[in-house]
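Q: no sequence on this one, just coordinates:
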């Protein structure tokens, strides 16, 4: 069978993207392709893999082209995306990455590097320039020295106020290098926040084989996603940008309310279904919400504990938004694995769940449902499921989390300040709610614990 190859001529690059994984290919690149199709412009993308050569090995033989497959209840629709012009691997050729970031034609750097990618490196570590923040700050320093025009750095990760988080990380490192340079970054580089939303399950070997038979070519970089997508972007750019609104992107003065809505409503219930659904034996999100008990959990969390914590974003109907979310979860074509969503929970839990709990405690609102989610995470990271089988816990703190299950797991885990703020961990109401929920899960199972709640 033939391999997919690029059909259109090369496009001048205007964007460098760090982290060319599945979400980037399902989201940022298609929006950019829509912008170029509608309004033109030199918006080719140089993609940079920060660790593995996998993306380069997949996309390189295809000239950067790949297939984006929309999976709806009514069927699949395939589209070839050709905005990626080159794929670099930072550990193999950091000089080429710096050249791309410093190039005069580069106007925007976009990021999908996950929560752990925003770590500010230690200058005593010889590898610090190869971290995401290290690469950015090193390139900004060279642009400053050469007198190049300022650029925009746009985080597309699920972080609260992701633009401010990116700016803070870059400035923290820049100040360690040169205070004058850091002031130039603060005054000239733009770090808009944005909210991104599109469910993108991991592509399996079976998906590759099935689509090869259907499409008549082999695409090792193929990506699958749901029909829905939403991109809300703070309108704060240092220079030109693609006409992303051609694909439906919304440009606003502040994304805070939209971001909180998505993090708490979607990501929060995704985590709930990931931990409690996995424990209950459900492989995928669609499997879990096909069970009325788990669908009822989502409705309970939204109505009783999440929506009361939110300020409605401009133009959004929150009950309608959550009703649409449940419909998206129920899409049988999307096999978004609970195990996949459960990854890196120690870094996701504070933004997705714990902030809502803290707000509800401060306002005197209920927390029993969200405490059950925390307890489900605690049970999950113990590494053994309800049938006694091992769980492959993927988390940067996996060893410490597993070790905490010696003795009193709830008390031990609540001492981990990287996950739990001391004020929250020390709140007697929170501790009691989590301990009760954990005991119920251990004694009766996750599904029965949900039934008790709702």
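A: Thanks, I have the structure now. Please read these numbers as outputs of a predicted model, since none were measured by experiment.
Q: Which parts of the protein belong to which domain?
A: 13-252, 256-453 (automatic domain parsing).
Q: So which of the ones you listed is nearest residue 5?
A: Closest of the domains of the chain to residue 5 is domain 13-252, at 5.8 Å (criterion: Cβ to Cβ). The way it works is simple: take the backbone N, C-alpha and C, and place the C-beta from them, glycine included.
Q: and that closest one, how far apart are its ends?
A: 26 Å (Cα to Cα, to the nearest Å).
Q: Give the rounded mean pLDDT of that domain.
A: For domain 13-252, mean pLDDT rounds to 96.
Q: Please enumerate the strands of this structure.
A: In the chain, the strands defined using DSSP state E lie at 13-18, 44-49, 66-72, 75-81, 84-89, 108-111, 152-155, 194-197, 223-225, 230-234, 250-252.
Q: Off-centre distance for the second one?
A: Right, the one you point to is strand 44-49. In terms of Cα atoms, centre = their mean, to the nearest Å, the gap separating the centre of strand 44-49 from the centre of its chain is 18 Å.
Q: hang on, isn't residue 62 packed against residue 217?
A: No. Taking contacts as Cβ atoms under 8 Å, residue 62 lies outside contact range of residue 217: 9.4 Å.
Q: The two: who's more crowded?
A: residue 62 (22 against 16; other Cβ atoms under 10 Å).
Q: can you tell me how far that one sits from residue 15?
A: 19 Å (Cβ to Cβ, to the nearest Å).
Q: what's the burial count for the closest residue to residue 96 other than its chain neighbours?
A: The shortest distance from residue 96 to any non-neighbouring residue, by Cβ to Cβ, 6 or more residues apart in numbering, is to residue 88 (5.3 Å). Neighbourhood size, residue 88 [other Cβ under 10 Å]: 23.
Q: Throw the strands of the chain into a markdown table and include distance to residue 394, thanks.
A: Converted to a markdown table, these look like this (distance: least, Cβ to Cβ, whole Å):
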| stretch | distance to residue 394 |
| --- | --- |
| strand 13-18 | 21 |
| strand 44-49 | 19 |
| strand 66-72 | 24 |
| strand 75-81 | 28 |
| strand 84-89 | 22 |
| strand 108-111 | 21 |
| strand 152-155 | 22 |
| strand 194-197 | 22 |
| strand 223-225 | 20 |
| strand 230-234 | 27 |
| strand 250-252 | 33 |
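Q: out of those strands, nearest to residue 429?
A: strand 194-197 (30.5 Å).
Q: quick one, helices of the stretch 301-450 of the chain?
A: 318-329, 338-341, 345-349, 355-363, 368-381, 398-403, 409-413, 422-425, 428-444, 446-453 (DSSP state H, counting those that start in this stretch).
Q: most neighbours per residue, which of the ones you listed?
A: Across these, the average number of neighbours (mean count of other Cβ atoms under 10 Å) peaks for helix 368-381, which reaches a mean of 26.
Q: same for it, what does it pack against?
A: Here helix 368-381 touches helix 268-279, helix 345-349, helix 355-363, helix 398-403, helix 409-413, helix 428-444, helix 446-453, going by 3 or more Cβ pairs under 8 Å, 6 or more residues apart in numbering; DSSP states H and E.
Q: ok, now with 7 Å
A: Applying 3 or more Cβ pairs under 7 Å, 6 or more residues apart in numbering; DSSP states H and E, we find helix 368-381 packed against helix 268-279, helix 345-349, helix 409-413, helix 428-444, helix 446-453.
Q: how far is it from where the chain is centred?
A: 21 Å.
Q: One more: stretch 436-448?
A: 29 Å.
Q: What of stretch 331-338?
A: 17 Å.
Q: gap between the two ends of that stretch?
A: First-to-last distance for stretch 331-338 - Cα to Cα - comes to 15 Å.
Q: again with stretch 214-227
A: 19 Å.
Q: do stretch 72-84 as well
A: End to end - Cα to Cα - stretch 72-84 spans 25 Å.
Q: buried stuff in stretch 165-177?
A: 165, 166, 167, 169, 170, 171, 173, 174 (16 or more other Cβ atoms under 10 Å).
Q: got JSON lines for those, with distance to residue 426 too?
A: Listed next are the buried residues of stretch 165-177 as JSON lines, based on distance: Cβ to Cβ, whole Å:
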{"residue": "165", "distance to residue 426": "26"}
{"residue": "166", "distance to residue 426": "31"}
{"residue": "167", "distance to residue 426": "31"}
{"residue": "169", "distance to residue 426": "28"}
{"residue": "170", "distance to residue 426": "33"}
{"residue": "171", "distance to residue 426": "32"}
{"residue": "173", "distance to residue 426": "33"}
{"residue": "174", "distance to residue 426": "36"}
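Q: and of the residues you listed, the nearest to residue 236?
A: Nearest to residue 236 among the buried residues of stretch 165-177, with distances taken as Cβ to Cβ, is residue 167, at 10.7 Å.
Q: so who does that closest one touch?
A: Shown in contact with residue 167 (Cβ atoms under 7 Å, 6 or more residues apart in numbering): residue 191.
Q: Return the distance of it relative to residue 249.
A: From residue 167 to residue 249 the distance is 21 Å (Cβ to Cβ).
Q: Also residue 317?
A: Taking Cβ to Cβ, one finds residue 317 at 20 Å from residue 249.
Q: Between those two, point out the one with more neighbours.
A: Taking other Cβ under 10 Å, residue 317 and residue 249 do not tie; residue 249 has more neighbours (20 against 11).
Q: Tell me who's in contact with the more buried one.
A: Residue 249 touches 31, 231, 233, counting by Cβ under 7 Å, 6+ apart.
Q: pretty sure the last one is touching residue 192, no?
A: Looking back up the chat, that one is residue 233. Yes. Contact criterion Cβ atoms under 7 Å: residue 233 and residue 192 qualify, at 6.0 Å.
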